[in-house]
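[1] Predicted model and sequence follow; I will ask about them next.
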There are 2 protein chains.
Amino acid sequence: MFESAELGHKIDKATYDKEVPKLREALLEAQMDLSKLAKFPVIILVGGVDGAGRGETVNLLNEWMDPRFLETHGMGEPSDEELDRPMMWRFWRALPPKGKIGIFLGSWYTWPILNRVLGHAKTPELDQSLERARRLETMLVEEGALILKFWMHLSKEKQQKRLKMLEKDPKTRWRVTKRDWEHYELYDKFSAVNESVIRHTSTAEAPWTIVEGYDPNYRSLTVGKVILDAIRKRIDEAGQKITEVSAPPPLPSIDRLNVLKTLDLSQILSKKKYLTELEKYQGKLAILTRDPKFSDITVIALFEGNDAAGKGGAIRRVASALDARHYNIVPIAAPTEEERAQPYLWRFWRHIPRRGRLTIFDRSWYGRVLVERVEKYCSETDWMRAYSEINDFEAQMVRHRIVVVKFWLSISKDEQLKRFKEREKIGFKRFKITDEDWRNREKWDDYEAAVCDMVDRTSTELAPWTLVEANDKNFARIKILKTLCQQIEAEMKKK
Amino acid sequence: MFESAELGHKIDKATYDKEVPKLREALLEAQMDLSKLAKFPVIILVGGVDGAGRGETVNLLNEWMDPRFLETHGMGEPSDEELDRPMMWRFWRALPPKGKIGIFLGSWYTWPILNRVLGHAKTPELDQSLERARRLETMLVEEGALILKFWMHLSKEKQQKRLKMLEKDPKTRWRVTKRDWEHYELYDKFSAVNESVIRHTSTAEAPWTIVEGYDPNYRSLTVGKVILDAIRKRIDEAGQKITEVSAPPPLPSIDRLNVLKTLDLSQILSKKKYLTELEKYQGKLAILTRDPKFSDITVIALFEGNDAAGKGGAIRRVASALDARHYNIVPIAAPTEEERAQPYLWRFWRHIPRRGRLTIFDRSWYGRVLVERVEKYCSETDWMRAYSEINDFEAQMVRHRIVVVKFWLSISKDEQLKRFKEREKIGFKRFKITDEDWRNREKWDDYEAAVCDMVDRTSTELAPWTLVEANDKNFARIKILKTLCQQIEAEMKKK
């Protein structure tokens, strides 16, 4: 795999000096087109062995290119805010927006490789990490990103030579740390793991480019040219008609009662019973969330449901059991400009809370497969791939001890009509009813189909949906509080 | 000061039950108008003594109001990312955007009060903190925010009673911590400090409202009504013609040579000398920024200058001495939608780096007093007040061991013309020259006046301007590198 990168590639100074001005000019031109015309994000990962010039190359790219459209992120030790969230959070928060280039020195491969080489993780765990990385990259590419992955390679002999050379020069001595030499001792182990990682993650949409790192001229020109060609190619393609990635096969038609129709919406709870239970479960939730063990976990409760199904009221009943210092409510409205310049899930990642916190999403990432699907705000391909992207997203959270509790509040069509009419009458509730609500109601069946698909495809063992019979508000609220308590308690009992 | 809040205010249940629905309706209506029509941010600080129902009141507000336009922030212990930045960073990152309400449980007063009571700070330090808080609030109000500050008060006797009551009830027992009782023991000390804080910071634009916290009905209704009235009043005022706050007296006319005209732009550095010095100071910068002591400080280098003065080239010479993992370049372009919904300085606060990092601003917060002043993008009042706001901002940074290095790159009008023409000729530089550059050039004198005012008003001992004679690029780059090294070195020598 590394054969071509051990041939002793070299570019003489004269050639280099002749090539660089042309390359720089072309890169600047490409950057300008990227930011003004094509508007897709470019994600560049720079990995490789110590001493292979990763940092130098990135510095050079910064020198060559226009820093207004370029961001470099050294992903070193994570901060405590980062450690408090799933591993990928720190990358999500650093993703370049459309029209910009983001260079990552150290990537989502760095820690899996290190952990494997140092023996903190076994091969199956490494494979899982790689599978997750692959899926992430697929998603980013489908969101329009161009991903370039560079691996700076050195043969064992050349690595030793480079490290010694760097150490000898007082100006570069600081670059060589004790850890570099420790890693050098592990060269063969690293090599095996690196090869396996590159092999498993060199996909069609995001292949690795292995670059021999010994000769700075060769290395820099190569990386520069690969970046240029890739951006240029994508920009030119963007000019043509894009062949839409074909959607996965359509859902099988459902010839039985669907999950919503099987709900018994006639279930009710008397006012008296309700008040007793409300006190009981709010009290329980209050105690659970103040338990010292709660500080090791995170809770995300998301609420979806028919319009007027009572999400707001239910959320308030949950919230009033909580300490205002430890929860927050994220209402999902239209995305902002900064959010529109990022992959779909970005605006949800940014709201993932720290450990010991509870976040309530009033509507959520499921908008993609509900309103956006029904109202055709996105293409079929987009919402079809969203199911697995969402499952991946939630799996990452669950792995990080985030309890993901998902509620669908279901009311009948008649009940909705009744509530719409009531709301129009009551002063302070009339804000809650808009023309859009009436329009949505006309698409009741489309929404129902979308909800059934959503439940079928995203109710996982890790993060199951709880369907809430909500014709009776009392019944619904208690079911929600009870479910929330159960799921939090179950997670707190682990470990 | 607390007399009215020790009278035993009480609202009976019947009155409360009658009043609340009306209040809720009015609050919801006000929120809706706020988000749709008036669009200003509402900042609510909730402070007060332990047991006075701060958390309960905030929970209730969350229940009453529409959570889509309301954010609650419990400002507890700061995270390591927050500790790595000036104290106010965590508040800036949590500020509500226009049209929303942000409730802060724990505010910029919490720590100054605690530190004073517990003896970690003396009165002069407390006074300084309060002065800073006052200035911050003035700025926020001038940016359009409505600030409401609530102080929940209890007499000593009532505090004891409330704490005991809360402790007795199993459902509220968790609320009373050992710290609450410790604070109770310090009641008189707290009382004195609290009073002084409230007295010093009850300004016309952001007065404190002291609320007796013993009776929940009284407390909740009072807070709700004050919020309602204040928002309503501001919305109604917004409908009328706003009387612009009169600008401070105009700058005195400058009858001597200005700071720019005294620069000797003929200074040059030979190519040979340049290369030697470049190597020397880039090497020095490289070593300084890798020094272990560097991890205790932060560096912000900002570049302003005439168009075509060579900011980009200078920035690249600085950057190439640095490790890409530890610096980033923030190019300041037009603000995004999220940035426009916040006070002017918000978009700079969000880029303040952690300790051990260096951030280069390519243009900066000085845009307010340069391009925005000259092009009249903001009112005279806005840019006039910007001088002191910027000084405050930089003082906060410097106090946190952030070295703020400010460069103005100055070229002559003739030199600029020469460079514009050159740029139009060279392919990859032609992006750098736009119609706007030519238009700006026509306002040369206005810009010159703005620069001189800027230097006069913001070149402080803490964060002085370095004027760089930039007709000769070599000379300019070395002066910049040298200055940067000196200022970093000086800070690292402290402590």
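    Looks like it came in fine.
[2] who in the stretch 301-450 of chain A is up against chain B?
    Taking C-beta under 8 Å from any C-beta of the partner chain as the contact definition, the stretch 301-450 of chain A meets chain B at A:312, A:315-316, A:319-320, A:322-326, A:328-329, A:331, A:333, A:336-338, A:354, A:362, A:427-428, A:431. Any C-beta I mention is one placed from the backbone N, CA and C, and that applies to glycine too.
[3] if we go to 10 Å?
    A:312-313, A:315-317, A:319-333, A:335-341, A:354, A:357, A:360, A:362-363, A:426-432 (C-beta under 10 Å from any C-beta of the partner chain).
[4] likewise the stretch 51-200 of chain A?
    Checking the stretch 51-200 of chain A against chain B by C-beta under 10 Å from any C-beta, the hits are A:54-76, A:79-84, A:97, A:103, A:105-106, A:170-175.
[5] again, 8 Å this time
    A:55, A:58-60, A:62-63, A:66-74, A:76, A:79-81, A:103, A:105-106, A:171, A:174.
[6] Sort out which of the residues you listed are buried, if you could.
    Taking 16 or more other C-beta atoms under 10 Å in any protein chain shown as the criterion, what is buried in those is A:55, A:58-60, A:62-63, A:66-74, A:103, A:105-106.
[7] Just these: which are in helices?
    Taking DSSP state H, the ones among these that sit in helices are A:Gly55, A:Val58, A:Asn59, A:Leu60, A:Asn62, A:Glu63.
[8] From A:Trp64, how far out is the first one?
    Applying C-beta to C-beta, to the nearest Å, one obtains 15 Å for the distance of A:Gly55 from A:Trp64.
[9] can I assume A:Ala476 sits in a strand?
    No. Looking at A:Ala476 with DSSP: H, G, I helix; E, B strand; the rest coil, it is helix, so not inside a strand.
[10] And for it, the neighbour number?
    27 (other C-beta atoms under 10 Å in any protein chain shown).
[11] Would you mind listing the buried residues in stretch A:334-352?
    In stretch A:334-352, counting by 16+ other C-beta under 10 Å, buried: A:Glu339, A:Ala341, A:Gln342, A:Pro343, A:Tyr344, A:Leu345, A:Trp346, A:Arg347, A:Phe348, A:Trp349, A:Ile352.
[12] give the contact list for the fifth one.
    In this case it means A:Tyr344. A:Glu143, A:Trp365, A:Arg368, A:Asp382, A:Ala386, A:Glu389 (C-beta atoms under 8 Å, 6 or more residues apart in numbering or on different chains).
[13] For the fourth one, give me its contacts.
    Spelled out, it's A:Asp382. A:Glu142, A:Tyr344, A:Arg368, A:Glu372.
[14] Could you check which helix or strand contains it?
    helix A:380-399 (DSSP states H and E).
[15] What's the first helix or strand after that helix?
    strand A:402-410.
[16] OK, now which residue of the stretch 51-200 of chain A is nearest to chain B?
    Taking C-beta to the nearest C-beta, chain B has its nearest neighbour within the stretch 51-200 of chain A at A:Gly74, 2.5 Å off.
[17] how many neighbours does the residue lying closest to that residue once chain neighbours are set aside have?
    Of all residues not flanking A:Gly74 in the chain, B:Arg325 sits nearest, at 2.5 Å (C-beta to C-beta, 6 or more residues apart in numbering or on different chains). For B:Arg325, the neighbour count with other C-beta under 10 Å is 17.
[18] Then A:Tyr274?
    17.
[19] thinking again about what came up before, cross the residues of the stretch 301-450 of chain A next to chain B against strands and list the overlap.
    Among those, the members found in strands (DSSP state E) are A:Tyr327, A:Asn328, A:Ile329, A:Val330, A:Pro331, A:Ile360, A:Asp362.
[20] element containing A:Leu263, please.
    A:Leu263 belongs to no helix or strand when assigned by DSSP H and E.
[21] Just want the angle from the helix or strand hosting A:Glu489 to strand A:402-410.
    Under the criterion of DSSP H and E, A:Glu489 resides in helix A:473-493. Helix A:473-493 and strand A:402-410 meet at an angle of 160 degrees, taking axes from the mean of the first three to the mean of the last three C-alpha atoms, to 10 degrees as the criterion.
[22] Can I get helix A:473-493 as CSV, trimmed to CA atoms?
    Presented in CSV, the C-alpha positions along helix A:473-493 are these (Å, rounded to 0.1, in the frame of the first residue of the first chain):
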residue,chain,number,x,y,z
LYS,A,473,-54.0,15.4,27.8
ASN,A,474,-53.9,13.9,31.3
PHE,A,475,-53.2,10.5,30.0
ALA,A,476,-50.5,11.7,27.6
ARG,A,477,-48.6,13.8,30.2
ILE,A,478,-48.4,11.0,32.7
LYS,A,479,-47.3,8.5,30.1
ILE,A,480,-44.6,10.9,29.1
LEU,A,481,-43.4,11.6,32.6
LYS,A,482,-43.4,7.9,33.5
THR,A,483,-41.5,6.9,30.3
LEU,A,484,-38.9,9.6,30.9
CYS,A,485,-38.4,8.5,34.5
GLN,A,486,-38.1,4.8,33.5
GLN,A,487,-35.5,5.4,30.8
ILE,A,488,-33.4,7.7,32.9
GLU,A,489,-33.6,5.3,35.8
ALA,A,490,-32.5,2.4,33.6
GLU,A,491,-29.5,4.3,32.3
MET,A,492,-28.5,5.4,35.8
LYS,A,493,-28.6,1.8,37.1
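[23] what's downstream of the lengthiest helix in chain A, the next helix or strand?
    Looking across chain A with DSSP H, the single longest helix is helix A:216-239. The helix or strand immediately downstream of helix A:216-239 is helix A:271-290, counting by DSSP H and E.
[24] just how off-centre is the next helix or strand after that following helix within its chain?
    Downstream of helix A:271-290, the first helix or strand assigned by DSSP H and E is strand A:298-305. Relative to its chain's centre, strand A:298-305 lies at 17 Å (C-alpha atoms, centre = their mean, to the nearest Å).
[25] which parts of the helix holding A:Asp382 are buried?
    So for helix A:380-399, counting by 16+ other C-beta under 10 Å, buried means A:382-387, A:389-398.
[26] next one: the helix or strand of chain A with the lowest mean pLDDT to chain centre, how far?
    For chain A, the helix or strand with the lowest mean confidence is helix A:435-442, at a mean of 86 (criterion: mean pLDDT, DSSP states H and E). Remark: helix A:435-442 is offset 31 Å from the chain centroid, using C-alpha atoms, centre = their mean.
[27] after it comes which helix or strand?
    Next along the chain after helix A:435-442, with elements defined by DSSP H and E, is helix A:444-458.
[28] quick one: the strands in the stretch 1-150 of chain A?
    Taking DSSP state E, counting those that start in this stretch, the strands of the stretch 1-150 of chain A run over residues A:42-48, A:70-74, A:101-105, A:146-153.
[29] average pLDDT across the first one?
    Summarised as a single mean, pLDDT over strand A:42-48 is 96.
[30] for that strand, packing partners?
    In this structure, strand A:42-48 makes packing contacts with helix A:54-64, strand A:101-105, strand A:146-153, helix A:216-239, judged by 3 or more C-beta pairs under 8 Å, 6 or more residues apart in numbering or on different chains; DSSP states H and E.
[31] what would those look like in a markdown table with distance to B:Ala206 and mean pLDDT?
    Output for these, formatted as a markdown table (distance: least, C-beta to C-beta, whole Å; pLDDT from 0 to 100):
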| stretch | distance to B:Ala206 | mean pLDDT |
| --- | --- | --- |
| helix A:54-64 | 44 | 90 |
| strand A:101-105 | 40 | 95 |
| strand A:146-153 | 49 | 95 |
| helix A:216-239 | 50 | 91 |
